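Asker: following is a predicted model, sequence given first.
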Amino acid sequence: MPDTAAPVIRAHRLRKAYGETVAVDDVSFEVAPGEAFGLLGPNGAGKSTTMRMLGGVAARSGGELEILGMDPDRHGPEVRAQLGVVPQLDNLDTELNVRDNLVVYGRYFGIRRAEVARRVDALLAFAQLEEKARSRIDDLSGGMKRRLTIARALVNEPRILLLDEPTTGLDPQARHILWDRLFRLKEQGTTLVLTTHYMDEAEQLCDRLVVVDQGRIMAEGAPAALIREHSTREVLEVRFGSERNAEVAAELDDLGERVEALPDRVLVYAEDGEHVLAEVVRRGHRPITSLVRRSSLEDVFLRLTGRSLVE
Amino acid sequence: MSAVSALSSGNARAVFGRNLVGARGVNLWVMVSGFFEPVFYLVALGAGLGGLIGVVALPDGREVPYAAFIAPGLLAVSAMNGAIADSTWNVFFKMRFMRVYDAMLATRLGPLDVALGEISWALFRGAVYASAFLIVMQCFGLNLAWTAVLAIPAAVLIGFGFAAVGMGITSCLRTFQQMDWIQFALLPMFMLSGTFFPISLYPEWVQWIVQALPLWHGIELVRGLTTGALSWGMLLHVGYFAVMVVLGLVFTTRRLRALFLT
């Protein structure tokens, strides 16, 4: 099959402006079939807008976009027929029970009744909602609603699943159940495109990701490669008290690859954190607490998108 | 830009089907009240006021009992009210609070499918109400000609016109306060459009205004059919609603596109 290698999503210099406001500016990326691709960024970075363009529900202002070889602006229904969409806010149909939500949604795709019924049974099992089939939507927990929304997005057996902040607002147990379900989909070969601002989620699920900020791509690569490229192997975190952190940081400036003074602690980026800690102590500094940890995607993210509060 | 392929996947019946499934959960009395409202008017005014008034002259000179005069008017009004209720309040709630259309338009459905599906649901309800009311009229002996049967498709056409325009207007409104404007516009139309007495009683300039309003055309159409006072002018009434349907559908589809697919 020569087709399998061709990207399922191809975005080239994608741009979206609402009047004067530019939400997405010159974004280019490709997603291969079966890949789990992440869009990372702070609130307002343009992630959701990008997702809406990919989903064929927002017309782009410029650039090129191909979903499975089709232009979503011109072939909206055909493109959407091949997509599963999990929006940021649940929009389950509260006038219908759990099972009917899946059945009716399947009918929107024009799938025959008998076929829909067969798929719905399998999806209820997948979403672990068999016991709740006749329940009202309002009686479900947040995690259950999320799983139902994902099950609903799978009713048309989509080739690409778009997930906009799939686990925002869920408790840790519910998140892990959800990750497990998404992992199974990935194993079955479904292409996943997701946005998130949870770094652990991105590291868990994504083969490759782009960091977006203010509508632009700041970096692109596999999570491990991004950490290698934009951070060191380890990070030493030391606290000297709010008044002294900046002062001590200045004296540690030559240690590691980079030193960053935050209001509550000093971060030293280095290959060997323990070694640096020993040197800090040798110089006569006595940190209140110290911690050596591996660099995470969060370090990359904060480095690329800045530490200022983005609203 | 607005290629038809992007507007529709020819699956409005899935939207209709959603409402059919949803209706199972809705309070039965909400459904039934739509039928009883015109029946109460008919009994109160037809039997009560009708006793005082006696007969009313039709445009062709025939005199008919007062109840037979207002019954077709009430039928047209209920077709309007049913269509408006479905295409304004229900649509507004689904659009702004339940976000049903966001979900629909993320699927294969296009905005025209959604508009046609929602409106045909409003028409289905309207046709059921109209048929029931027509049976009541038959029981009271108020259907004076066989053409009364045609009042059912006429009521559907009236509902179609109001629903298409109503859904378009609703899609422009953002708050509940604005929704009240619709009621504000409907009440005078209901009182003035010749439901309860012939508009020939008005001064001429008022007659012109009333004749420009859609409800008057609807009432005249239905009254002609149930009383058998047929005329070529009725084609004008049909044409009026046909234009409303087309303009309403075009506008609604555009609005849905602008709201959910930009």
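Answerer: Nice, I can see it.
Asker: which bits of the stretch 1-150 of chain A sit near chain B?
Answerer: When proximity is defined as Cβ under 8 Å from any Cβ of the partner chain, the stretch 1-150 of chain A approaches chain B at A:55-59, A:73-78, A:80-81, A:83, A:85, A:87, A:89, A:91-97, A:100, A:103-105, A:107-110. Every residue, glycine included, has its C-beta placed from N, CA and C.
Asker: so where does A:Ala151 fall, helix or strand?
Answerer: Here A:Ala151 sits within helix A:142-153, counting by DSSP states H and E.
Asker: show me which residues of that helix are buried.
Answerer: Neighbour counts over helix A:142-153 (16 or more other Cβ atoms under 10 Å in any protein chain shown) mark A:143-153 as buried.
Asker: for that helix, name the packing helices and strands.
Answerer: For helix A:142-153, the packing partners by 3 or more Cβ pairs under 8 Å, 6 or more residues apart in numbering or on different chains; DSSP states H and E come out as strand A:83-86, helix A:98-108, helix A:113-126, strand A:160-164, helix A:172-187.
Asker: for B:Ala67, find the nearest of these.
Answerer: Closest to B:Ala67 of those, according to Cβ to Cβ: helix A:98-108, at 43.3 Å.
Asker: hey, where'd the helices end up in chain A?
Answerer: In chain A, the segments counted as helices under DSSP state H are A:47-54, A:76-81, A:98-108, A:113-126, A:142-153, A:172-187, A:199-205, A:223-230, A:245-251, A:273-282, A:297-305.
Asker: and of the buried residues of helix A:142-153, the nearest to B:Leu58?
Answerer: The closest of the buried residues of helix A:142-153, once distances to B:Leu58 are taken by Cβ to Cβ, is A:Arg152, at 56.2 Å.
Asker: tell me the contacts of the closest one?
Answerer: The contact partners of A:Arg152, by Cβ atoms under 8 Å, 6 or more residues apart in numbering or on different chains, come to A:92, A:101-102, A:105, A:123.
Asker: what about 6 Å?
Answerer: Neighbour list for A:Arg152: A:102, A:105 [criterion: Cβ atoms under 6 Å, 6 or more residues apart in numbering or on different chains].
Asker: what's the spacing between it and A:Ile137?
Answerer: For A:Arg152, the distance to A:Ile137 (Cβ to Cβ, to the nearest Å) stands at 11 Å.
Asker: do the same with A:Arg52
Answerer: For A:Arg52 relative to A:Ile137 (Cβ to Cβ), the value is 23 Å.
Asker: and these two? Which one has more around it.
Answerer: Just comparing A:Arg52 and A:Ile137: by other Cβ atoms under 10 Å in any protein chain shown the higher neighbour count belongs to A:Arg52, 25 against 20.
Asker: so what's the closest residue to A:Pro72 other than its chain neighbours up against?
Answerer: Sequence neighbours aside, A:Gly56 is the residue nearest to A:Pro72 in space, at 3.6 Å (criterion: Cβ to Cβ, 6 or more residues apart in numbering or on different chains). Contacts of A:Gly56 were listed using Cβ under 6 Å, 6+ apart, and they are A:72, A:76, A:79-80.
Asker: 10 Å - rerun?
Answerer: By Cβ atoms under 10 Å, 6 or more residues apart in numbering or on different chains, A:Gly56 lies in contact with A:65, A:67, A:70-83, A:85, A:162, B:6, B:105-106, B:261.
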